[in-house]
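Visitor: Sequence first, then the predicted structure, then my questions.
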Amino acid sequence: MQKITLKLSAFLIIGSLLYACGGEPEEVITEEVITEEVVEDTSNKVEYILPSPLQIAELFKNSGLTYIGDLTNNVGKAENYNSKYDQKLNFGVYSADMAYCIMNNQTQESINYLNTLRKLSEKLWMTDILNSMGLSERLEKNVGNEDSLAYIMADLQMQLDDYLDENGMGYTGSIVFAGAWIETMYLGAKVNQSKTNEKLVSRISEQAVVLNSLIKTIQQNDEDNEFGALIADLEKINSHFAGYDEESDVAFVLAPEKIKALSNDLISIRTKIVGE
Amino acid sequence: MKKILLYFTFAGIILLTTSAFQTQNDCDIRVLKNDLLLALKPDFKYASSKVNRFKYSRKEQTVEVEAPLLLGQKFKFLFNTAGLPQGIEIKISDKKGKTAKPLFSLKSVLKEGQTVYTYEPADASKVYITYVLPASPKEEVYGCLVSVLGYKKK
């Protein structure tokens, strides 16, 4: 045993010294495996930068997205989301609801959503993002200061992005974003249904460009064919944006009947995600 | 004696894994990102970020990134090249293909010692970013590029 340990020690020490002194890479075979996991294959790859849910909520708010209290998802439903897929999607839904409440100075509601996000993040093993930021205290201290609250939400987004990147969970980000995007579009559609707002309709229409990238991102991350149903639902929403040309200089605005059909599909897909 | 040998074994393992990790991933993402966040303030808010980890090869490599933008907001792209041991070209255009209009090229603004670069697009619904990694004379060269997108109300 002593001989084996001695040989092993000698091998490791010599190997380490050779490596540190610029020895040939063949001496450390395990390195190749790590490299394959960390470094991206850059051949013919297209990546997508998606906006944040807060950014879309802010844009909608500035275009007349008013606050209607009972539109957002009930926090009590968080207990019902048992699969990782449902938890990720609804993490996005609750993030969008929190952004909606923050944008409309509904501080207590925002804190309720924050607590719900905490519960879901524990189920998704992402606890430390929300615990490390003192978010509840910051939200309470900034009651009424819409701008500061928006910065707090932006910080949360940044922490989430850092966490997902550091833990190699980039694909999770696209599913969370899908949930948030559908919820924000649902809120926009519902508010527009209650009182038609042309500016809001323009903002909803221009989301065609985001949806296009969102679908491609999820497709790229769907190596195990887990997200087929979600992609099909998003494609269904995308069909309402037929005629959108991202290279055109003319603003794309959906006609009233198209907005009505889009809203109906958004409502039914959102119901599928959050449950009855 | 047994104990000393065991200590040497563990020390060897730690030294080996640490040096291997440093060679492949010599990027402190948080530090690189913080530099960009400083350049974002005070006008722009954080929208999203991306970390691209590269391995240089003997052939030139390209990565394309599409960024949808929203018409009611102004945007700022920030790039930190400090994690790249060898060069990179960053090109931004309004379209794909031959009719694309170039909007930004890192090559044209490159300055000695500067690692943070920014670009603020005018009205656009989407921009196309291309990272071009030059061919490297050496294999096993790793690096990372950190980018942040900021936004503000128009």
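Guide: Yep, that arrived.

Visitor: what packs against the host helix or strand of residue A:54?
Guide: For residue A:54, the element it lies in under DSSP states H and E is helix A:53-62. Helix A:53-62 is packed against helix A:84-103, helix A:146-166, helix A:170-194, helix A:198-205, strand B:45-56, strand B:73-80, strand B:141-153, with contacts defined by 3 or more CB pairs under 8 Å, 6 or more residues apart in numbering or on different chains; DSSP states H and E. Bear in mind the C-beta positions are built from the backbone N, C-alpha and C, glycine included.

Visitor: low pLDDT regions in chain A?
Guide: For chain A, applying pLDDT under 70 flags the ranges A:1-44, A:128, A:132-133.

Visitor: Excluding chain neighbours, what is closest to residue 63?
Guide: With no chain named, the answer covers chain A. residue A:199 (4.2 Å; CB to CB, 6 or more residues apart in numbering or on different chains).

Visitor: Let me rephrase: I mean chain B.
Guide: Per CB to CB, 6+ apart, closest to residue B:63 is residue B:131, 4.4 Å.

Visitor: Packing partners of whatever helix or strand that neighbour lives in?
Guide: For residue B:131, the host element (DSSP H and E) is strand B:126-133. The helices and strands touching strand B:126-133, judged by 3+ CB pairs under 8 Å, 6+ apart, are strand B:45-56, strand B:61-68, strand B:89-93.

Visitor: Could you dump those strands into TSV with mean pLDDT and mean neighbour count added?
Guide: What follows is the helices and strands packed on strand B:126-133, written out as TSV (pLDDT from 0 to 100; neighbours: other CB atoms under 10 Å in any protein chain shown):
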stretch	mean pLDDT	mean neighbour count
strand B:45-56	94	22
strand B:61-68	94	20
strand B:89-93	97	19
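
Visitor: Is it possible to get CSV of those that adds distance to residue B:37?
Guide: Shown next, in CSV, are these (distance: least, CB to CB, whole Å):
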stretch, distance to residue B:37
strand B:45-56, 7
strand B:61-68, 18
strand B:89-93, 19
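
Visitor: neighbours of residue B:103, just the number please.
Guide: 16 (other CB atoms under 10 Å in any protein chain shown).

Visitor: For it, grab phi and psi.
Guide: When read as degrees, to the nearest 10, the backbone of residue B:103 gives phi -110, psi -30.

Visitor: and residue B:92, bridged to which residues?
Guide: Here residue B:92 sits in beta bridges with residue B:104, residue B:129, going by DSSP bridges.

Visitor: Could you check how far it is from chain A?
Guide: From residue B:92 across to chain A, the span is 12 Å (CB to the nearest CB, to the nearest Å).

Visitor: just to revisit the earlier point, which ones are touching the residue nearest to residue B:63?
Guide: A:42, B:52, B:62, B:63, B:64, B:65, B:88, B:89, B:90, B:145 (CB atoms under 8 Å, 6 or more residues apart in numbering or on different chains).

Visitor: I'd like to know which of those residues is nearest to residue A:122.
Guide: Closest approach to residue A:122 among those (CB to CB): residue B:52, at 30.6 Å.

Visitor: Now do the same contact list for residue A:204.
Guide: Residue A:204 neighbours (CB under 8 Å, 6+ apart): A:60, A:185, A:188, A:189, A:192, A:254, A:259, A:262.

Visitor: Residue ranges in chain B under the pLDDT threshold?
Guide: Residues of chain B meeting the criterion pLDDT under 70: B:1-26.

Visitor: And the residue nearest the centre of it?
Guide: By CA atoms, centre = their mean, chain B has its centre lying nearest to residue B:145, at 1.5 Å.

Visitor: ok, now which ones touch the residue lying closest to that one once chain neighbours are set aside?
Guide: Excluding its sequence neighbours, the residue lying closest to residue B:145 (CB to CB, 6+ apart) is residue B:52, at 4.7 Å. Shown in contact with residue B:52 (CB under 8 Å, 6+ apart): A:40, A:47, B:63, B:131, B:144, B:145, B:147.

Visitor: possible to save those as JSON lines with distance to residue A:111?
Guide: Shown next, in JSON lines, are those (distance: CB to CB, whole Å):
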{"residue": "A:40", "distance to residue A:111": "39"}
{"residue": "A:47", "distance to residue A:111": "35"}
{"residue": "B:63", "distance to residue A:111": "40"}
{"residue": "B:131", "distance to residue A:111": "41"}
{"residue": "B:144", "distance to residue A:111": "36"}
{"residue": "B:145", "distance to residue A:111": "37"}
{"residue": "B:147", "distance to residue A:111": "32"}
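
Visitor: Quick one, which of the helices and strands packed on strand B:126-133 gets closest to residue B:105.
Guide: strand B:89-93 (5.4 Å).
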